[in-house]
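Asks: Fold the following for me, if possible:
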Amino acid sequence: MGDTFERLGSETAAGMESCMKEELCMEIDPPYRESSATAEDWRRALNKVVPAVVVLRTTASRAFDTEAAGASHATGFVVDKHRGIILTNRHVVKSGPVVAEAMFVNREEIPVHPIYRDPVHDFGFFRYDPAAIQFLSYEEIPLAPEAACVGLEIRVVGNDSGEKVSILAGTLARLDRDAPHYKKDGYNDFNTFYMQAASGTKGGSSGSPVIDWQGRAVALNAGGKSSSASAFFLPLERVVRALSFLQKARDSCGSKWVAVTIPRGTLQVTFLHKGFDETRRLGLQSKTEQMVRHASPVGETGMLVVDSVVPDGPAHKHLEPGDVLVRINGEVITQFLKMEILLDDSVDQKIDLEIERGGTSLTVNLMVQDLHSITPKNFLEVSGAVIHALSYQQARNFRFKCGLVYVTEPGYMLSRAGVPRHAIIKKLSGKEISHLEELISVLSTLSRGAKVPLEYVSYVDRHRSKSVLVTVDRHEWYAPPQIYTRDDSTGLWTARPALPSGSLLLSLDDNIDRKDLAFQAVASTTTGEVGLMQHMDQHNNPELADGVTNMETNYEHVAEEPHSQDESDVQTKRWRVEEDSSADGIVVTDCSIREPREEKSENPRTLENTGFRDDLRVLAANASIAERVIEPTLVMLEVHVPPSCMLDGVHSRHFFGTGVIIYHSQNMGLVAVDKNTVAISVSDVMLSFAAFPMEIPGEVVFLHPVHNYALVAYDPSALGAAGASVVRAAELLPEPALRRGDSVYLVGLSRSLQATSRKSIVTNPCAALNIGSADCPRYRAINMEVIELDTDFGSTFSGVLTDEQGRVQALWGSFSTQLKYGCNTSEDHQFVRGIPIYTISQVLDKIIHGAKGPSLLINGIKRPIPLVRILEAELYPTLLSKARSFGLSDDWVQALVKKDPIRRQVLRVKGVLAGSKAEQLLEQGDMILAIKKEPLTCFRDIENACQELDKSDDSEGVLNITIFRQGREIELLVGTDVRDGNGTTRMLNWCGCIIQDPHPTVRALGFLPKEGHGVYVAR
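Replies: Numbers count the residues shown, from 1 in each chain. So this is what the prediction gives:
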């Protein structure tokens, strides 16, 4: 059901008229005949009805028209036992792809397939195989719309609030309620009356039968209003007609179901039933009112008035809001049902409408349009987006004409450009788009990685067009564009390629190496996709159906995905952007280890011609030396993660952050950035340079398995001669390490790519991090010491720490954490700290000068990506004063103080990663005293010991560790593990479920199946 506030608004807007109509309808409805129904009568009726009521579990695999993707529970009931037909609501059957099953009261489960959903009214039918029900005796529920009357005692039998069987009592209070308004951009019924009772139905009861004491269905439960416990029921007259068509078609075709066409006519006009007093205020003549009262049934209280007209429909420019309908084809019409009968019987024919407009009688001749012709039956899927012709339902909501190109779900490519849900595409690549075929034609001319302008309008700002730049996907993370078409004979949707063979979008771009596109998307059935992503040299992925909050309260939505990526997303990195627009982003720096033969020198002539040198001098006139030196090395990164590739617990799909260029030559550029900006390798990274106004793509080439940084490569040739000359790498200063009291400059970028800096003092150069595990395990920094400053720009600003000459000593990087409030509430947060630069300089040196490790093709040149040897145990420092209380001897205390008189600490084991070589050797609480008899006091000591193992040819990767455990000193030979910088390299996307190998943060929880490492369900 719709939003409570909206429903309240739709009712209170009627004001006094609604109250008056309610009083009147109590008088004009057929008099209620007292029945002698007893409790025994109700018991017999319910015994007959309950076995025919089913729980419907539906999964919408794609968003379509007014419905979102997601899984839900609802109710239906058998109306034809022999043919196998179940009646429920339209918003349960859905207008798009759906997979559903029905569960009977004895828990027998059978698949069901949609055979009809009404284009306007809230009812639809599923079919099932009656022979599949083997162990239940049940009877169909007869439909008796004529039995409904005010005062009738009823029961609503259904799956209320998720319960398998729930029986709610009530009394019909109104038969002429206006159709409820659920949502301004979703499904709404219209041109019909609804019934009302105070039965208080809730989520899951959509599609429940409303029965009388004889076990007959007198109405269909559709919605409700929680604030007043009111329930809204759909009359069954049009349901009976549709069921009759289905039964006849089933009988005529033998053993197979065929697509059934049920005639439905429309003028694309919404009518409301208004009382005679209001029609007089609209200009209805007295003689016309007298004639209508005389020609109508006794007790008629009003007439039909035009509420809205869809643009370019049959009635456009002929009917206007406020017109009072008098006759159709010479017959007085005051009720919705009579009007619909005439329209349905006159499809593709002209009819005469007599109306009164401001006291003037008019007659218009209109063509009745086939309602099914303006109800979409196919859609285009491209890069996760669902696009189809604008339906009558949404055209009525948005006041656009039917058939325009409508974005139901923006998916990945369009959401990157900022195109919202419910957008209407007007132009693409400079060409007018008015039909879906025109959009497909333009797409066939585009190549991968191309950037083209797109113009769209939104219903919230329908009079102004917006223009965005769309980047065509460079990777094959999604299947090629496909057209899905509904097959009403099977209830399934069939897929076919949308683009002709040979289209540029189907071939790989010449600028993208095929090894970067190892993943081949596998198109699947309407239930989802199955894809295998192999990260050979880069990263790729398949597709996921986005779920969105369901529209109906009576339609219980039990499984959905946080939307999307547009207006509803709350993202940690986006907070940084919004909280401080002048000081934003993460600037992560790296050591510049230059390779003389590749380093490009500045060309003064080029700089003079372009004017960049003079511009930089003007901009930096008031800046510090450190800021002027470091600004040309800074880069703003915008990172998008495809919805189908939400690996490793990544908590958002869109990140902003600032990085620093650590290497820049003719053939390769490298940018270092924190892992709260570049969390996983399966990302689209765009780089904007502070020194040159250009945006180019980057590729993630290294994710450190422990430290909070990633390396992103770019092609310097993409900057052109002028840009490549202005952009340069930062100079790094890994030694000497920063000490308490040292002065440093904190320099970073704002969102406008302006450098900002301040002078600060180091207050703690070796603060140990202690970040807890998030609800959904994701990367968290462990075994790290960070730098704290006395003053900074707040938690939304990050950058680099430099000396007075602009040499980078540390990164001022962003860390992700999760704050928990109570047992069930948590909130994502971030903070910034300094990361010593030494670890990045070590990895960079190995990349440039060669090291052991797999080769990665970067800009056409194979580069070795180093392996990292680590001790896979999570450690934390304990003060020696505490360690002494645990029984540590004075000799060891003195040895550790002598080793490090500043820290005065010992490392203890917090946990060991499951599946690591240290798992069966180290235990929680162990104190690590020494490696090879050499005392250690900090994380870097262990890192250095692991690196020494790599340098030794005869090493087996084992550390000789001295530990203190439960009062005893123990010598252990503990194995180390070698990890690469690729992150997760394989995943399976099956029907929207993302499956991968357990990533390190999951293994840090301490458990893996004994049979093997198993698989981890990421989403």
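
Asks: Would you mind checking the average pLDDT for stretch 889-905?
Replies: Averaged across stretch 889-905, pLDDT comes to 91.

Asks: what about it, start to end distance?
Replies: One end of stretch 889-905 sits 14 Å from the other (CA to CA, to the nearest Å).

Asks: Need the contact partners of it.
Replies: Residues outside stretch 889-905 that contact it (CB atoms under 8 Å, 6 or more residues apart in numbering) are 766, 877-880, 883-884, 906, 929, 935-938, 964. The way it works is simple: take the backbone N, C-alpha and C, and place the C-beta from them, glycine included.

Asks: Tell me which residues of that stretch come out buried.
Replies: By neighbour count with 16 or more other CB atoms under 10 Å, stretch 889-905 contains the buried residues Trp892, Val893, Leu896, Val897, Lys899, Asp900, Arg903, Arg904, Gln905.

Asks: what's the farthest-apart pair in the residues you listed?
Replies: By the measure CB to CB, Trp892 and Arg903 form the most distant pair in these, at 14.6 Å.

Asks: Now do the contacts for the residue nearest to Leu929 when sequence neighbours are not counted.
Replies: Spatial nearest neighbour of Leu929, excluding adjacent residues (CB to CB, 6 or more residues apart in numbering): Thr962 at 4.6 Å. Residues in contact with Thr962, defined by CB under 8 Å, 6+ apart, are Ile928, Leu929, Ala930, Ile931, Lys933, Glu969, Ile970, Glu971, Leu972.

Asks: So which of these sit within strands?
Replies: Judged by DSSP state E, those include Ile928, Leu929, Ala930, Ile931, Glu969, Ile970, Glu971, Leu972 as members of strands.

Asks: wait, isn't the fourth one in contact with Gln947?
Replies: So the one you mean is Ile931. No. In this structure Ile931 lies outside contact range of Gln947 using CB atoms under 8 Å: 12.0 Å.

Asks: So for the two, which residue has more residues nearby?
Replies: Ile931 (20 against 12; other CB atoms under 10 Å).

Asks: List the beta-bridge partners for that one.
Replies: Note on Ile931: beta-bridge partners by DSSP bridges are Glu934, Ile961.

Asks: Could you pull up the residues touching it?
Replies: Counting by CB under 8 Å, 6+ apart, Ile931 makes contact with Asp941, Ile942, Ala945, Leu959, Asn960, Ile961, Thr962.

Asks: and which of those is nearest Thr796?
Replies: Looking at the contacts of Ile931 and their distance to Thr796, the nearest is Ile942, at 32.8 Å (CB to CB).

Asks: so the closest one touches Leu871, yeah?
Replies: Yes. Judged on CB under 8 Å, Ile942 makes contact with Leu871 at a distance of 5.6 Å.

Asks: Pretty sure Arg127 sits against Ile110.
Replies: No. Under the criterion of CB under 8 Å, Arg127 is not in contact with Ile110, lying 10.5 Å apart.

Asks: which of these two has more neighbours?
Replies: Per other CB under 10 Å, whichever of Arg127 and Ile110 has more neighbours is Arg127, with 20 against 17.

Asks: how much space between that one and Ser444?
Replies: Counting by CB to CB, to the nearest Å, the gap from Arg127 to Ser444 is 38 Å.

Asks: Over to Trp892?
Replies: From Trp892 across to Ser444, the span is 73 Å (CB to CB).
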